[in-house]
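Asks: predicted structure and sequence below. I'll ask about it afterward.
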Amino acid sequence: METLDLHPEELFDKASRGLASPDELSRIDAHLASCATCRFERMVRADFDAVAGSADDLDDLVARALSGAQSALQPAAQQGPPRRRRMGPLLVAAIATMGFASFAAVAQFTGVLPRLITQLTTRPDAPAPQPTPAPKRAAPALAPAPEPKVEPPVIEAPVSPAPVTVVVPRPRVTPSAPAPLPVAPREVEPTPELPEPDALLLFSNAQRARVQGNTGAAIRDFRVVVARFPNAPEAALAHAELGRLLLDRGEAASALESFEAYLASHDQVLREDVEGARAMALQALGRADAERRAWEAVLRDYPTGVYAPRARARLEALAP
Amino acid sequence: MTTPTLRAVPSTETLVDRAVRGDTAAIGQLLKQLAPSMIRAARSLLGSTHADVDDVVQQSLIGLVQALPAFRGECSIAHFSSRIVTRTALAARRRSHVRGDRVDDAIDPDAFAVDPSQAEAFEAERRRTAVRGLLQTLPEEQAETLALRVVLGFSLEEVAEATGVPLNTVRSRVRLAKTALKKRIEADPKLLAALEVE
């Protein structure tokens, strides 16, 4: 018998949400008794549920996926002046929330890539490179992702506390791409021979500590970044992150110092956030006049930004 | 006085709003939130040991960022990302098929036969494999619909929202896909036997 039009899909949905009445459940049972396709579907849904929740190595997979996306940045980045082969502050900003590579992908497809490339390839004291045309923002909705050519990742992986497995990002593979470089997780034993951590590594460790809820370690490492590498691009972002952590801990005065150190830098990536956070720090300190000026600046610079409603509310509250 | 807490501020909606407007930090945070579910979806659709899982997830992350400007909030961002990973995974399977790659559609009975208690796991994998193979042969719209509904467990309404098509279109695609599924089952005596079809 052809069952083309007889599958009670709405009832299945209702039952899966626990909303089916006894009568409806009886109808479902009656249908299942006669429909092998729906019985199969029910079984296979459970089968897929079982495997979906069984990813013991999910953390590794997430890290690898985010890292792997980083390689998409490399070909575009090489279009800029190759004065500096390291991550710039915009890319480091991504680490603040997710880790390296995903941000490269983010940057490439949201129009920030030109800025990223500029920062990636230029020291603060170097002449500004020619701007790269921004990619068109209006991407075709939900088209399958583009397939950049395979490029070996060159950015070092973040290092975890010992012992640690450093997952080497996989090159992205396309049908037309050459064979990927052999990749495999490799065990790295921390030894005294490890190279001296650089700003990026320290920053990445600090972010990892922050994400893991180890605020003390994160604050310590961010402070190391700004103390040891005051001229590195990571330092500005470290000031911003440090300020946030300190503000969260109620150390508004120290947070304010950090925010102002960030705002004194040339970095623009977190400026909106930091301007808003600075105003909040001033609020916490009870410095009403300064807070008012700070919110006015937020509204002036980012009138439709995420802090704008708060700024208006505070300005209204602070009005004489 | 309550200390302001920056990190408590952004809800998912706020993150999405900021991400759509190109806020890099928000995009990063959003991707980090969505990556685990996208990985699970990719593994379900491809098979956990499929060689392209990493690539599909990476491409999907990129595709998500690319599509963010077009996101209008007509479905949840989780469903939006699920659709992207579904399309990417299905495309990857088709490419694998065209290339003649070995995909994980060939189940190794020996991997399960040693331990009788794994018989059910073997049958479950057989069923999953049957669905994955079917997805590879269906027209794209039907495959996407069936994947979202059966593999990822979307309701009809959720499929309609995620794919941006009318509910009746989804119903039609589900019916057609299930007709193909029925034929697939009937073509496999072992699947039929497991279902105790009279």
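Replies: Looks like it arrived, so ask away.

Asks: contact partners for residue A:245?
Replies: A:210, A:215, A:218-219, A:222, A:255 (Cβ atoms under 8 Å, 6 or more residues apart in numbering or on different chains). Any C-beta I mention is one placed from the backbone N, CA and C, and that applies to glycine too.

Asks: doesn't it fall inside a helix?
Replies: Yes: assessed with DSSP: H, G, I helix; E, B strand; the rest coil, residue A:245 lies in a helix.

Asks: can you read off the pLDDT for it?
Replies: Residue A:245 carries a pLDDT value of 87.

Asks: could you find the closest non-adjacent residue to it?
Replies: residue A:219 (5.3 Å; Cβ to Cβ, 6 or more residues apart in numbering or on different chains).

Asks: which strands and helices sit next to the helix or strand the one you found falls within?
Replies: In this assignment (DSSP states H and E), residue A:219 forms part of helix A:215-228. Applying 3 or more Cβ pairs under 8 Å, 6 or more residues apart in numbering or on different chains; DSSP states H and E, one finds that helix A:215-228 contacts helix A:199-211, helix A:233-248.

Asks: can you say which of those helices is packed in most?
Replies: helix A:233-248 (a mean of 27; mean count of other Cβ atoms under 10 Å in any protein chain shown).

Asks: where does chain B dip in pLDDT?
Replies: Within chain B, the segments meeting pLDDT under 70 span B:1-10, B:97-117, B:194-198.

Asks: which ones are touching the residue nearest to residue A:245?
Replies: Contacts of residue A:219 by Cβ under 8 Å, 6+ apart are A:242, A:245-246.

Asks: and the residues you listed, which is closest to residue B:86?
Replies: Comparing the contacts of residue A:219 against residue B:86 with Cβ to Cβ places residue A:245 closest, at 37.9 Å.

Asks: tell me the SS of residue B:15?
Replies: Per three-state DSSP, residue B:15 ends up helix.

Asks: state the distance from it to residue B:64.
Replies: Distance, residue B:15 to residue B:64, using Cβ to Cβ, to the nearest Å: 13 Å.

Asks: more crowded one of these two?
Replies: More neighbours surround residue B:64 than the other of residue B:15 and residue B:64, with 30 against 22 (other Cβ atoms under 10 Å in any protein chain shown).

Asks: so that one touches residue B:84, yeah?
Replies: Yes: if you go by Cβ atoms under 8 Å, residue B:64 and residue B:84 touch, sitting 5.3 Å apart.

Asks: what touches both of these two?
Replies: Contacts common to residue B:64 and residue B:84, judged by Cβ under 8 Å, 6+ apart, are residue B:38.

Asks: helices and strands around the helix or strand where residue A:33 lies, which ones?
Replies: Assessed by DSSP H and E, residue A:33 sits inside helix A:22-34. Applying 3+ Cβ pairs under 8 Å, 6+ apart, we find helix A:22-34 packed against helix A:9-16, helix A:36-52.

Asks: can I get those helices in a markdown table with mean pLDDT?
Replies: Shown next, in a markdown table, are the helices and strands packed on helix A:22-34 (pLDDT from 0 to 100):
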| stretch | mean pLDDT |
| --- | --- |
| helix A:9-16 | 88 |
| helix A:36-52 | 85 |
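
Asks: identify, out of those helices, the most deeply packed stretch.
Replies: helix A:36-52 (a mean of 19).

Asks: that one vs helix A:22-34, what angle?
Replies: Computed by axes from the mean of the first three to the mean of the last three Cα atoms, to 10 degrees, the angle separating helix A:36-52 from helix A:22-34 equals 100 degrees.

Asks: pull the residues that contact helix A:36-52.
Replies: Under Cβ under 8 Å, 6+ apart, the answer for helix A:36-52 is A:3, A:7, A:12, A:31-32, B:40-41, B:43-44, B:48, B:124-125, B:127-128, B:130-131, B:150-153, B:178, B:181-182, B:185, B:191-192, B:195, B:197.

Asks: CA atoms only for it, dumped as CSV, please.
Replies: Extracted in CSV, the C-alpha atoms of helix A:36-52 (Å, rounded to 0.1, in the frame of the first residue of the first chain):
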residue,chain,number,x,y,z
ALA,A,36,7.5,0.5,8.5
THR,A,37,8.8,3.8,7.2
CYS,A,38,7.7,5.7,10.3
ARG,A,39,8.9,2.9,12.6
PHE,A,40,12.2,3.2,10.9
GLU,A,41,12.3,6.9,11.2
ARG,A,42,11.5,6.7,14.9
MET,A,43,14.3,4.2,15.4
VAL,A,44,16.8,6.1,13.4
ARG,A,45,16.1,9.4,15.1
ALA,A,46,17.0,7.7,18.3
ASP,A,47,20.1,6.3,16.7
PHE,A,48,21.2,9.8,15.6
ASP,A,49,20.4,11.2,19.0
ALA,A,50,22.7,8.6,20.5
VAL,A,51,25.7,9.5,18.4
ALA,A,52,25.1,13.2,18.5
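
Asks: what's the closest non-adjacent residue to residue A:275?
Replies: residue A:298 (5.1 Å).

Asks: residues near the one you found, how many?
Replies: 25.

Asks: which residues touch it?
Replies: By Cβ under 8 Å, 6+ apart, the neighbours of residue A:298 are A:272, A:275-276, A:279, A:305, A:307-308, A:311.

Asks: buried subset of those residues, written for PyMOL?
Replies: Buried subset of the contacts of residue A:298, written as a PyMOL selection, criterion 16 or more other Cβ atoms under 10 Å in any protein chain shown:
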select buried, chain A and resi 272+275+276+279+305+307+308+311
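
Asks: turn the contacts of residue A:298 into TSV, including pLDDT and secondary structure.
Replies: What follows is those, written out as TSV (pLDDT from 0 to 100; DSSP: H, G, I helix; E, B strand; the rest coil):
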residue	pLDDT	secondary structure
A:272	83	helix
A:275	91	helix
A:276	90	helix
A:279	93	helix
A:305	77	coil
A:307	82	coil
A:308	85	helix
A:311	91	helix
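
Asks: still on that earlier bit, go through the helix holding residue A:219 and flag the buried ones.
Replies: By neighbour count on 16+ other Cβ under 10 Å, the buried set for helix A:215-228 is A:217-219, A:221-226.

Asks: for the residues you listed, which one is nearest residue A:288?
Replies: The closest of the buried residues of helix A:215-228 to residue A:288 turns out to be residue A:219 (Cβ to Cβ; 27.8 Å).

Asks: residue A:59: neighbouring residues, count only.
Replies: Counted with other Cβ under 10 Å, residue A:59 comes out at 11.

Asks: what's the helix or strand for it?
Replies: Going by DSSP H and E, residue A:59 is part of helix A:58-70.

Asks: any idea of the mean pLDDT in that helix?
Replies: Helix A:58-70 comes out at a mean pLDDT of 66.

Asks: stretch A:216-230 now?
Replies: 86.

Asks: hey, C-alpha coordinates of that stretch in PDB?
Replies: C-alpha atoms of stretch A:216-230 as PDB (Å, rounded to 0.1, in the frame of the first residue of the first chain):
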ATOM      1  CA  GLY A 216      43.200  34.900  38.900                       C
ATOM      2  CA  ALA A 217      45.500  33.300  36.400                       C
ATOM      3  CA  ALA A 218      43.900  35.300  33.600                       C
ATOM      4  CA  ILE A 219      44.500  38.600  35.400                       C
ATOM      5  CA  ARG A 220      48.100  37.500  36.100                       C
ATOM      6  CA  ASP A 221      48.800  36.600  32.500                       C
ATOM      7  CA  PHE A 222      47.200  39.700  31.100                       C
ATOM      8  CA  ARG A 223      49.300  41.700  33.400                       C
ATOM      9  CA  VAL A 224      52.400  39.900  32.200                       C
ATOM     10  CA  VAL A 225      51.500  40.600  28.600                       C
ATOM     11  CA  VAL A 226      51.100  44.400  29.200                       C
ATOM     12  CA  ALA A 227      54.200  44.500  31.400                       C
ATOM     13  CA  ARG A 228      56.500  42.500  29.200                       C
ATOM     14  CA  PHE A 229      55.200  43.400  25.800                       C
ATOM     15  CA  PRO A 230      53.900  46.900  26.100                       C
END
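
Asks: fine, thanks again, bye for now.
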